[in-house]
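K.L.:
sequence? don't have it. structure:
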């Protein structure tokens, strides 16, 4: 078979592992040929491609980013975009297309499948909020980087009797903040799913202060909001190419308010883009590899319009429609982890 | 309530996170008191204890090992051992006991529960082979350490056109070798579940050599065996205090055979104890924390004789009897990951 | 002898290693007793102390921060401060004082020595700009953290064809930017010692762009300045307790200007406090240990008013006066490293 | 100019950084052309080359190993070897040759220079024992890896009340053992420069045991020897292609003897090849870059027969003859660091 591959949306450690696994199994066991579209759907629109061979994918499992590069071009918003894509896929004589990406990317895969392009999806979201899978690759790497940073912040905060507010990724879902916050032993963890209660935050910090811990670590997801955050909105208007207000400034805003209310010296840090780059963790490399192999298997089984997912220890698949129907956010059940570890103030 | 805690068997990154989570939630939300038994069941036998308070558990989530230390004392093999344990648990006025450990440890928890000691288990096995749970804490850390080491071996092997055989943990189950081998992009991965086929190993290395890759990385679980491994048996007689032949020498043995058969310069390295120490990964910290919280919840719900487990994204529980009934090993389904990535030689 | 110890100024990975080394050698080989003053000179002023024993310093070599905590209290600016310090040092029956800190801290050590307090200094500056020593501990750790972050930024920048501007520490001296920039293979490195030439920055990025590298990494020291940086001044007015405008905003400012001038999508990230916390590198642990041992030796040799320094492979000492006379900045000789690696545009 | 480059001897993190720096400066600022000889002097003998361009060296600074690969072929031991090399260097129309390697490699560079080949040397020895330079690249990376492993061993040793003996590189010089041992807070550090005193080793471990530390970490250089080590000699006969008995087995031998004499459960681990692979530390990247730039400068200054070295903060050069005249070993002055931190038993 001739198979197309692309990566869309924000980059994520593990993208290259998916590509490598699919290409290896396809070439070594099925004699497949692979065409990589460059920069997401934009590459399909423009028929901008590179060949994918055993040599091209050799050793890329350890590399962050994506050798196919990526973009946020959404062909559904372009007049005649889907048809143009279908045409170019046909022009490349492709029997199937594997699209690695999040909501936006997969909504296009789904739409293309509906008009006869045999597509298979691989889920990708560093925020881990895609519906239908236990976990997405890239998330574990982001959490690891954030946790290591938080570990470091403890010692400097303690040496100076300071509060440090650390902003991590998570626009709509707080999985990174939750996991890195718990793993990093933060004193306060704030997620987008729940409005920030500044009094509660300060009460938690004060409890620690009164019990001998003169410093504090607050982990906040970029998407967490103060109830009346006019200021945040203004700061947050800088929108990146994905429509994300990635530099929301919530950490800086919150640090000022905490210092004001508690009198404790407070600083902020925003981990920003360092969370999404670099070599993937072993967990993400394995998960991404399994996704790549499973996507290739779906293609050869002729099961199109589906997305590979992790359920427990198994790779399964669901329909693309189900995957993009809603986001998976941090529910009360997971928030109980936080309350279990906090004093009741 | 007054609750006892112990850690038994080999140490594992994440033990301290379990302890910290249970103690924090118990003290902060239930007013519980905690007694830590030192060095596993030996501490129960000898009534050797330390108090566990918010101060004792502060910050230990980031530390490997266990503040309660551990041993492999199996009280079931000691005349009157179980009764003596029951007596000391009573003498400490404990309402429940949380035992963190593997097969051996939990078989004692189970036996004690049968004679009226209200026990709850938390699974621990760095080899990840305990039945009934998707994954055990410590495993992810071990895999991360092994993968990082394998990443390093690639560059030195390539610089010298060498084969390097890297031995990782895994006495009966090959989960670490499988995961670190795939994540570390090894050319050959060998697990205890399948006898080593030396001809196949050499054929894989030769395939790479003939296709431009003049070096090779072989990852082998310590428990993997050559079909006629008289030599290995002799080397493997060194048994540690857990009855494990941890230094099995399979890597060294295999390296000699590969060099002999292929003529490629071959070296070996055994990662040994470096795999089980040190700060846990974020994944293991979170999982261990959730286990600790859930064990405490079981205690307060009066659900004894049970073991907390991970199923998908949820923490659930199963009976101790089910958990210790058999091991979870790498099955054909998982071995297909390896064959999918290998050339068919 | 009875010896006092304190840590002053911003914290630095390695402070604990200095303390541990001095205390170990003093107790084990000289029968010394140690008193730790808490939070820098403030602890001397307020006679706020903790005992330092073999137990207190056990294992602290691996920990960032300082078990003595720190502050920026400058007793020379406090009426009667020096005399009060002298009095409290006498009240503790101390035969000598070892002060670990930078310019500000050592100017007090020097002033106290002048009025009869037998003081010895250990240099500390994460920016590595103290005069008279080849290198200060903490610097290598900061550079390592920054380099690892820059490594990560490469892959995400490349995946998106973006420029990323990464701000690192370095208020007056660009050693961290220079070293992490070169080690991190940045395309542009900017230091405080040289006004930023925006046209040159954009020309370098354009050169790469025209030669196939569609992304760019710019490393900028927090203290680097655009020639007419009115905006930066406004942003930089937030002053921390050390009088440092740590969040100078130069990365954000520069990113906007680069995007404006080149049309390349540009993002910024400020590594901030993550650079100064956490476990020290092996290099910093060894250097700090040697400083601690040498400071103790100076005390026992009765050589007061001196600062231990590294010269080549040797630990030597200079007068405190010489150390605080001026800063060591990046000179033309070191800037040639940058120009050697850059295209001549 | 047309310049040849080669890497000889054991690989070392940082080799690629030297290559990249020399090639970049040469091409960008002098219009030089570069020829890389593959696999050390063997590539010169066989005229086996690859072109070195800006593309070939792009991004290799972060990679361990060497893109030119390496070997231990010593052309001085081959009849007519030197003349053949001279001939091939001439055939490639080279104006100069930069050889990166240790004693053996540089003795050839020196011999070739004597017969009219304009050669410049860059020092490389992971053991850090080359005469005339403060430090060699690769050493810091090896020490970092070893220290991280030792950090991990502490927790597992402590959890089990065990002694763990950790073997690190260092055939004739104990720099890695000394530095990683001190940085890793080992209780005993053993170097090749001093015969192992088993009674002293056991006395140190017993002292700790009697003072509440029930575990012990011993770091031993592979080349350290027991006074009557007949057993070690037998085990150590396995000689690698560099003539090194890299798997000396001293850790295993010593562990047995310690357990025998103290009764403490003792284990061993040999870090082996993991120490020399993988991405170099920031320190090594910077040092190697500076060496590469300086070597290129020597070539353009026509200063042949010289080796670049680090002295304090400066890169200087010495004659090749001086460099290869003797090894730099750990002297009494450095051993005092160890005795300063140990109890006097």
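P.N.:
Perfect, I can see it now. Just so you know, these numbers come straight off a predicted model, no measurement behind them.
K.L.:
residues in contact with residue A:51?
P.N.:
A:34, A:35, A:36 (Cβ atoms under 8 Å, 6 or more residues apart in numbering or on different chains). In this view, the C-beta of every residue, glycine as well, is placed from N, C-alpha and C.
K.L.:
which residue is nearest the middle of chain A?
P.N.:
residue A:126 (1.1 Å; Cα atoms, centre = their mean).
K.L.:
how far away is the spatially closest residue to that residue that is not a sequence neighbour from residue B:179?
P.N.:
Among residues not flanking residue A:126 along the chain, residue A:138 sits closest, at 4.4 Å (Cβ to Cβ, 6 or more residues apart in numbering or on different chains). From residue A:138 over to residue B:179 the distance is 17 Å, taken as Cβ to Cβ, to the nearest Å.
K.L.:
equivalent analysis for residue A:171, please.
P.N.:
30 Å.
K.L.:
which of the two has more neighbours?
P.N.:
Taking neighbours as other Cβ atoms under 10 Å in any protein chain shown, residue A:171 and residue B:179 compare with residue B:179 leading, 30 against 19.
K.L.:
the residue nearest to residue A:126 reaches residue A:124, doesn't it?
P.N.:
Yes - under the criterion of Cβ atoms under 8 Å, residue A:138 makes contact with residue A:124 at 6.6 Å.
K.L.:
okay, and the common contacts of those two?
P.N.:
What both residue A:138 and residue A:124 touch, as defined by Cβ under 8 Å, 6+ apart, is the set A:12, A:14, A:15.
K.L.:
for chain A, which spans come out with low pLDDT?
P.N.:
A:229-248 (pLDDT under 70).
K.L.:
show me the helices in it, by range?
P.N.:
A:15-25, A:41-45, A:54-57, A:81-91, A:103-114, A:139-160, A:175-183, A:198-210, A:230-235, A:250-262, A:282-301, A:320-323, A:332-341 (DSSP state H).
K.L.:
domain-wise, how is chain A divided?
P.N.:
A:2-137+A:280-323, A:142-276 (automatic domain parsing).
K.L.:
the last one and chain B, are they touching?
P.N.:
So that's domain A:142-276. Yes - applying Cβ under 8 Å from any Cβ of the partner chain, one finds domain A:142-276 in contact with chain B at A:143-144, A:146-147, A:151, A:154, A:179-180, A:182-185, A:211, A:213.
K.L.:
how far away from the center of its chain is that domain?
P.N.:
Put simply, domain A:142-276 sits 18 Å off its chain's centre (Cα atoms, centre = their mean, to the nearest Å).
K.L.:
that one vs chain C: in contact?
P.N.:
Yes - shown here: domain A:142-276 in contact with chain C (Cβ under 8 Å from any Cβ) through A:145, A:148-149, A:151-161, A:164, A:240-241, A:246, A:265, A:267-274, A:276.
K.L.:
which ones are touching residue A:317?
P.N.:
Here residue A:317 is in contact with A:294, A:298, A:303, A:306, A:307, A:308, A:309 (criterion: Cβ under 8 Å, 6+ apart).
K.L.:
one more pass at 10 Å, please.
P.N.:
Each residue near residue A:317 by Cβ atoms under 10 Å, 6 or more residues apart in numbering or on different chains is listed here: A:120-121, A:132-133, A:294-295, A:297-298, A:301, A:303, A:305-309, A:311, A:323.
K.L.:
what does residue A:218 give?
P.N.:
Residue A:218 neighbours (Cβ under 10 Å, 6+ apart): A:153, A:157, A:163-167, A:181, A:186-190, A:196, A:201, A:204-205, A:251, A:254-255, A:258, A:266, A:268.
K.L.:
do you know how far it is from residue B:330?
P.N.:
42 Å.
K.L.:
quick one on the thing from earlier: any of the contacts of residue A:218 buried? List them.
P.N.:
A:153, A:157, A:163-167, A:181, A:186-190, A:196, A:201, A:204-205, A:251, A:254-255, A:258, A:266, A:268 (16 or more other Cβ atoms under 10 Å in any protein chain shown).
K.L.:
before we move on, the earlier item: just checking, the residue nearest to the centre of chain A touches residue A:276?
P.N.:
Yes - counting by Cβ atoms under 10 Å, residue A:276 is a contact partner of residue A:126 at 5.6 Å.
K.L.:
what touches both of these two?
P.N.:
A:10, A:11, A:12, A:13, A:138, A:141, A:142, A:169.
K.L.:
can you lay out those as TSV showing distance to residue B:105 and neighbour count?
P.N.:
Listed next are the shared contacts of residue A:126 and residue A:276 as TSV, based on distance: Cβ to Cβ, whole Å; neighbours: other Cβ atoms under 10 Å in any protein chain shown:
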residue	distance to residue B:105	neighbour count
A:10	44	26
A:11	43	26
A:12	39	33
A:13	36	33
A:138	36	28
A:141	33	27
A:142	34	31
A:169	39	30
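K.L.:
just give me the closest of those residues to residue D:97.
P.N.:
residue A:13 (40.7 Å; Cβ to Cβ).
K.L.:
shouldn't the closest one be in contact with residue A:142?
P.N.:
Yes - using Cβ under 10 Å, residue A:13 is in contact with residue A:142, at 7.6 Å.
K.L.:
between the two, which contacts overlap?
P.N.:
What both residue A:13 and residue A:142 touch, as defined by Cβ under 10 Å, 6+ apart, is the set A:126, A:275, A:276, A:277, A:278, A:280, A:281, A:284.
K.L.:
which ones are touching the residue of chain A most remote from its centre?
P.N.:
In chain A, residue A:210 marks the outermost C-alpha relative to the chain mean, sitting 37.7 Å out by Cα atoms, centre = their mean. Residues near residue A:210 by Cβ under 10 Å, 6+ apart: none.
K.L.:
distance-wise, check it relative to residue C:28.
P.N.:
In terms of Cβ to Cβ, residue A:210 sits 39 Å off from residue C:28.
K.L.:
likewise residue A:228?
P.N.:
Taken as Cβ to Cβ, the span from residue A:228 to residue C:28 is 60 Å.
K.L.:
out of those two, which sits in the busier spot?
P.N.:
Between residue A:228 and residue C:28, residue C:28 has the larger neighbour count (other Cβ under 10 Å), namely 18 against 9.
K.L.:
the closest residue to that one other than its chain neighbours: how many residues sit nearby?
P.N.:
Leaving aside its sequence neighbours, residue C:28 sits nearest to residue D:343 (Cβ to Cβ, 6+ apart; 5.1 Å). Residues lying near residue D:343 (other Cβ under 10 Å) number 16.
K.L.:
quick one: residues contacting the single nearest residue of chain A relative to chain D.
P.N.:
Of all residues in chain A, the one sitting closest to chain D is residue A:279 (8.9 Å; Cβ to the nearest Cβ). Residues near residue A:279 by Cβ under 10 Å, 6+ apart: A:13, A:16, A:61-64, A:141, A:285, B:147-148, B:151, C:151-152, C:155, D:279.
K.L.:
ok, what's across the strand from residue A:35?
P.N.:
The partner list for residue A:35 in beta bridges (DSSP bridges) reads residue A:4, residue A:51.
K.L.:
give the contact list for it.
P.N.:
Residue A:35 neighbours (Cβ under 10 Å, 6+ apart): A:2-6, A:43, A:47, A:49-52, A:89, A:92-94, A:97.
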